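how does the following fold in three dimensions:
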Amino acid sequence: MTTVLVIDDSPSEMAKFRDMLARHNFQVLEATNGEQGCQMAVDHLPDVILMDVVMPEMNGFQATRKITRGKTTAHIPVIMISTKNQETDRVWGKRQGAKEYIAKPVDENSLVNIIRKVME
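Alright, predicted model coming up:
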């Protein structure tokens, strides 16, 4: 079973991702901020990470950089998902190591296809 770590500080967004991913038989791990997400990535080594951008303390760009440059976590694909949808945000996200950058609201089938694509 594919394990997806969702890092998002919004309880309503987290619930949406949990429901979407469960319908497609993904195991879901949840972190509510970047710092917790980075630690969970090290502890659980998920197959893929969904990363919000706007979060308190450590934002998604910082957390993505930490995960994609970490010795034990660099192999884990990160998909950034955010309401920040400017081209500069997309470019910056990719520079931090994200494999994909998706704007919210997320289409369920598109999300599942992107998860499968980055895992290939």
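
ok, Met1 to Ala98 distance?
Met1 sits 24 Å away from Ala98 when distances are taken as Cβ to Cβ, to the nearest Å. (Glycine included, C-beta is placed from N, CA and C.)

the two: who's more crowded?
Taking other Cβ atoms under 10 Å, Met1 and Ala98 do not tie; Ala98 has more neighbours (26 against 7).

secondary structure class for the more buried one?
Recorded secondary structure, Ala98: coil (DSSP: H, G, I helix; E, B strand; the rest coil).

can you pull the contacts of Tyr74?
Careful, residue 74 is Ala; it's not Tyr. Taking Cβ atoms under 8 Å, 6 or more residues apart in numbering, we find Ala74 in contact with 67-68, 97.

go again using 6 Å as the cut-off
Listed by Cβ atoms under 6 Å, 6 or more residues apart in numbering, the contact set of Ala74 reads Thr68.

over to the one 4 residues further on?
Neighbouring residues of Val78 by Cβ under 6 Å, 6+ apart: 49, 51, 64, 98.

for Glu57, report the pLDDT, please.
pLDDT recorded at Glu57 is 86.

which SS class is it?
Glu57 falls in the coil class when you classify it by three-state DSSP.

going forward, the N-terminal residue is numbered 8.
Sure, I'll start numbering at 8, so the last one becomes Glu64.

please report how far Glu37 lies from Arg97.
Using Cβ to Cβ, one obtains 25 Å as the distance from Glu37 to Arg97.
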